[in-house]
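Visitor: I need the structure of the sequence given here:
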Amino acid sequence: MYEILKDFGLPAYLVGIIILVSLAYKHTKEHQAKRLNSTKEQLEAIVNLVTDKEKMENKFLVEQVFIYKFGAYIPFSVIKMLLRFNNPTEAIRIWLLAKRHLVTLSNPTRLEYRGKMATKKYRKLRARINFCGYFTF
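Guide: This next block holds a predicted model:
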């Protein structure tokens, strides 16, 4: 097989590279189109949910739509609270990043830290470590 490539030389390599690039481009475009359609479906599901008050009271349906959109479980009480913010999408994104440290046990309309993060001293220590690590590396 390698003898055939040696006989054709540089044109064979270029044709092979062009074929690989074109196949990769086609695959990438198909993947992007599939993601775009999926995102449109997810956004339509959220819009339909938020505009219908009866559906918004169904806890199971609300949680399932948000799991479908964000790929992570968000409790109903947290969803209701985050939708009241000026920028709910940003609030949900931040909550997803910090959910391992946040809990809504005592008051469903207020987020609280859990575990070690509940103490202000520990949070300051973590901030200093992150700050020093950022400038060190």
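Visitor: pLDDT on stretch 44-59, on average?
Guide: Taken as a whole, stretch 44-59 has a mean pLDDT of 85.
Visitor: buried ones in it, by neighbour count?
Guide: 45-46, 49, 56 (16 or more other CB atoms under 10 Å). C-beta coordinates here come from the backbone N, C-alpha and C atoms, glycine included.
Visitor: is it possible to get TSV of those residues that adds secondary structure and distance to residue 97?
Guide: Formatted as TSV, the buried residues of stretch 44-59 follow (DSSP: H, G, I helix; E, B strand; the rest coil; distance: CB to CB, whole Å):
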residue	secondary structure	distance to residue 97
45	helix	23
46	helix	19
49	helix	23
56	helix	25
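Visitor: export these to JSON lines and tack on distance to residue 75?
Guide: Output for the buried residues of stretch 44-59, formatted as JSON lines (distance: CB to CB, whole Å):
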{"residue": "45", "distance to residue 75": "18"}
{"residue": "46", "distance to residue 75": "17"}
{"residue": "49", "distance to residue 75": "16"}
{"residue": "56", "distance to residue 75": "15"}
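Visitor: of these, closest to residue 91?
Guide: Set against residue 91, the nearest of those by CB to CB is residue 46 (14.1 Å).
Visitor: thought the closest one was touching residue 64?
Guide: No. Residue 46 is beyond contact range of residue 64, at 11.3 Å (criterion: CB atoms under 8 Å).
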